[in-house]
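> need a structure here:
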Amino acid sequence: MKKALTLLVVSLVMAGLLAGCGGSSDGGAAEPADAALKITGSVSTEMSWTEAELQAMGAVEAEYTGKDGVAQTYSGPALGALLDEAGVSDGATALVMVAADDYAAEVALADLEGCDSCIVALQDGGGLRSVLPGMSGKAQVRDLVEIQVK
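Alright, predicted model coming up:
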């Protein structure tokens, strides 16, 4: 009886430790519990960042004029820097910007080449958005949570 109880306690402790590891089953890096943005797909390393981590990166300002004709200035890390950190694969051709409500907009990678003002902006009330000046309003995704590289 004592041996069975000891095995039960050890099993429960091990299950708790394993559950708390948070790593992926494929041996990849653990995603922070409060990750605000992740880059997945055709990359060397899938990445994720919290809002605080994104805020700590060098900020770039970008101006975007909405469909109402009002120009607004946004600030956040350069999209290119985030993609460089993840290591976009040579064969990749597009990005899919995914919002928290599953809205998605696809942008050709070729359209982003040389776009120093394309950023992931930190919204005033929290959350993120893509700001891609000169591109379709559909590509300006609010509440951005994931960038899928295809």
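> neighbours of the closest residue in space to Val149 that isn't next to it in sequence, just the number please.
Spatial nearest neighbour of Val149, chain neighbours left out: Gly41 (3.9 Å); criterion: C-beta to C-beta, 6 or more residues apart in numbering. Glycine gets a C-beta too; all of them are placed from N, C-alpha and C. The number of residues packed around Gly41, counting by other C-beta atoms under 10 Å, is 17.
> Look up phi and psi at Gly41.
Here is the backbone geometry of Gly41 (degrees, to the nearest 10): phi 100, psi -130.
> With Ala81 instead?
According to degrees, to the nearest 10, Ala81 has phi -70, psi -40.
> Surely the residue nearest to Val149 touches Leu109?
No - if you go by C-beta atoms under 8 Å, Gly41 and Leu109 don't touch, sitting 11.5 Å apart.
> Overlap in contacts, these two.
Ala92 (C-beta atoms under 8 Å, 6 or more residues apart in numbering).
> quick one: the helix or strand where Tyr64 lies to chain centroid distance?
Element membership for Tyr64, per DSSP states H and E: strand 60-65. For strand 60-65, the distance from its own C-alpha centre to the chain's C-alpha centre is 19 Å (C-alpha atoms, centre = their mean, to the nearest Å).
> what comes up buried for it?
Neighbour counts using 16 or more other C-beta atoms under 10 Å place Val60, Ala62, Tyr64 of strand 60-65 among the buried residues.
> For those residues, could you give me TSV that also reports pLDDT and distance to Pro77?
Output for the buried residues of strand 60-65, formatted as TSV (pLDDT from 0 to 100; distance: C-beta to C-beta, whole Å):
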residue	pLDDT	distance to Pro77
Val60	96	7
Ala62	97	11
Tyr64	94	16
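> circling back to that earlier point, the residue nearest to Val149: what's it in contact with?
By C-beta under 8 Å, 6+ apart, Gly41 lies in contact with Ala92, Val96, Gln148, Val149, Lys150.
> Can you name the two of the residues you listed that sit furthest apart?
Farthest-apart pair in the contacts of Gly41 is Ala92 and Val96; separation 11.1 Å (C-beta to C-beta).
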